[in-house]
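J.: Structure for the following, please:
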Amino acid sequence: MKKIDIYEELKSRIVKNEYKPGHVLNEIEISKEFDISRTPVRNAFQRLELDMLLNIVPRYGVQVAFIDFTTMKSLFELTSVLDPLATRNAVNYITKEQLNRLKEITAELDRLSLNDDYQKAIDYDEEFHSIILEACNNPWLTSTLKSLHLHTERLWHYCKEYFTDMTIFTRTFKLIIEAIEENDEIKAEKYSREHINDFVSRVKEALF
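T.: The predicted model follows:
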């Protein structure tokens, strides 16, 4: 079997909702599936617990973290502040190449059908945010948001049926790009917050 990063593989399965919330993972079964010893599986479990994607429950096992109101409230309290801050900072540091790529991503999203190209849309969304993080010139902020974005990506997959049109991405992305081109930090921050609020509204419909 091709050598695989077990941590990245398990993380991907959780984020993409292949392992549903509450699913119990078996260390022995996973080690057999990937033809590896139990030690790297156990190490991966520990890292995923730190990512808050798994719960290691004594005398019970390893369980995929549930998606609930308390968790999501805590997540959005952070992203609603930190993502707009990163976008505001990026206004002053983004390169021409990065800005052009943001435009390309938004144009690609305009051409996609969310029903037919859902994973590609999520990938573009993640790339858009990654470029903003690269440009925000704050490694602590970048590291924190990369961790949080694992959970927002998980929500994209978990709430798939509630996202039906591409404007959830393109409306605010276009406004963010315009604000950056105008060198307007306030507007960039505002539209980034709107992007998150649009997402949160759809998630609330799905979960509550």
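
J.: Find out how far stretch 65-75 is from the centre of the chain, if you would.
T.: Relative to the chain's own centre, stretch 65-75 is displaced by 14 Å; criterion: Cα atoms, centre = their mean, to the nearest Å.

J.: According to the record, where do the domains of this protein fall?
T.: Following automatic domain parsing, one gets these domains for the chain: 6-64, 69-207.

J.: Pick the most deeply packed of these.
T.: domain 69-207 (a mean of 17; mean count of other Cβ atoms under 10 Å). Any C-beta I mention is one placed from the backbone N, CA and C, and that applies to glycine too.

J.: Please enumerate the helices of the protein.
T.: Counting by DSSP state H, the segments of the chain that form helices are 6-15, 27-33, 38-50, 69-93, 96-111, 118-135, 139-158, 167-181, 185-207.

J.: Can you name every helix or strand that the helix or strand of the chain with the lowest mean pLDDT contacts?
T.: Across the helices and strands of the chain, mean confidence by mean pLDDT, DSSP states H and E is lowest for helix 185-207: a mean of 90. In terms of contacts (3 or more Cβ pairs under 8 Å, 6 or more residues apart in numbering; DSSP states H and E), helix 185-207 is packed against helix 69-93, helix 139-158, helix 167-181.

J.: Which one of these lies nearest to Val41?
T.: Val41 sits nearest to helix 139-158 of all the helices and strands packed on helix 185-207, at 19.4 Å, using Cβ to Cβ.

J.: roughly how far is that closest one from the heart of the chain?
T.: With Cα atoms, centre = their mean, you get 4 Å for helix 139-158.

J.: do stretch 30-44 as well
T.: The answer for stretch 30-44 is 26 Å, by Cα atoms, centre = their mean.

J.: Would you mind writing the CA trace of that stretch as CSV?
T.: C-alpha atoms of stretch 30-44 as CSV (Å, rounded to 0.1, in the frame of the first residue of the first chain):
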residue,chain,number,x,y,z
ILE,A,30,-7.5,1.3,11.4
SER,A,31,-4.0,-0.1,11.8
LYS,A,32,-5.1,-3.2,9.7
GLU,A,33,-6.7,-1.0,7.1
PHE,A,34,-3.5,1.0,6.5
ASP,A,35,-1.1,-1.9,7.3
ILE,A,36,0.7,0.1,10.0
SER,A,37,1.3,-0.5,13.7
ARG,A,38,-1.0,0.8,16.3
THR,A,39,1.5,3.5,17.5
PRO,A,40,1.0,6.0,14.6
VAL,A,41,-2.7,5.5,14.8
ARG,A,42,-2.7,6.3,18.5
ASN,A,43,-0.5,9.3,17.9
ALA,A,44,-2.9,10.5,15.2
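
J.: Give me the contacts around it.
T.: The contact list for stretch 30-44 (Cβ atoms under 8 Å, 6 or more residues apart in numbering) reads 1, 4, 6-7, 9-10, 27-28.

J.: Okay, now the unreliable bits of this protein?
T.: Residues of the chain meeting the criterion pLDDT under 70: 1-3, 208.

J.: show me the contacts for the spatially most distant residue from the centre of it.
T.: Computed with Cα atoms, centre = their mean, the residue of the chain farthest from its C-alpha average is Arg59, at 31.3 Å. Contact analysis of Arg59 by Cβ under 8 Å, 6+ apart lists nothing.
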